[in-house]
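Colleague: take this sequence and fold it.
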Amino acid sequence: MLTGATDAAAAARRLAGRMAAPVIVTLGPDGALLQPPDGEATRIAAPRVEVTDTTGAGDAFTGALAAELARGSAIADAARFATIAAALSVTAAGARGGMPGRAAVGELMDAG
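Modeller: Numbers count the residues shown, from 1 in each chain. Model prediction:
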């Protein structure tokens with residue numbers, strides 16, 4: 001069982017090396033960690049928001065990441081977009097009600 005960011009980083013490093021593919025670990029309010037198969041991990045900070053309901057935050061992250069990758073974004077850019085989408089998703093109640101649109105995520109990306 002992983003007990004913190006240090007354990008998560010070590011596990012991500014091992015998994016990325018074993019799979020020869022990047023690994024992303026979400027860290028809740030602490031953002032996410034992007035670990036390439038070789039090299040240093042990148043910490044992606046989450047914007048500070050007022051939390052209403054965390055239901056669907058993981059779904060928001062995964063959906064936003066997939067959408068950005070499908071648009072041709074680099075994985076680091078897609079992970080940043082997804083981290084912001086997940087943060088915005090917890091500001092409203094419910095999985096559907098909290099799902100942010102592209103414009104809202106873009107505004108917060110531009111601001112930070």
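Colleague: tell me the contacts of the residue nearest the centre of the chain?
Modeller: What sits nearest the mean C-alpha location of the chain, by CA atoms, centre = their mean, is T83, with 3.3 Å. Applying CB atoms under 8 Å, 6 or more residues apart in numbering to T83 gives the contacts 26, 31-32, 44-46, 61. Backbone N, C-alpha and C define where each C-beta goes, glycine included.
Colleague: in terms of helices and strands, where is it?
Modeller: For T83, the element it lies in under DSSP states H and E is helix 75-89.
Colleague: what are the buried residues along the next helix or strand after that helix?
Modeller: Later in the chain than helix 75-89, the nearest helix or strand by DSSP H and E is helix 95-98. Of the residues in helix 95-98, 95, 98 count as buried by neighbour count, 16 or more other CB atoms under 10 Å.
Colleague: CA atoms only: put whatever helix or strand comes next after helix 95-98 into CSV for me.
Modeller: Per DSSP H and E, the first helix or strand lying C-terminal to helix 95-98 is helix 102-111. Below are the C-alpha coordinates for helix 102-111, written out as CSV (Å, rounded to 0.1, in the frame of the first residue of the first chain):
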residue,chain,number,x,y,z
ARG,A,102,-12.9,23.1,-22.2
ALA,A,103,-13.3,26.9,-21.9
ALA,A,104,-13.3,26.8,-18.1
VAL,A,105,-10.2,24.6,-18.0
GLY,A,106,-8.5,26.8,-20.6
GLU,A,107,-9.2,30.0,-18.6
LEU,A,108,-7.6,28.5,-15.5
MET,A,109,-4.6,27.3,-17.5
ASP,A,110,-4.1,30.7,-19.0
ALA,A,111,-4.3,32.3,-15.5
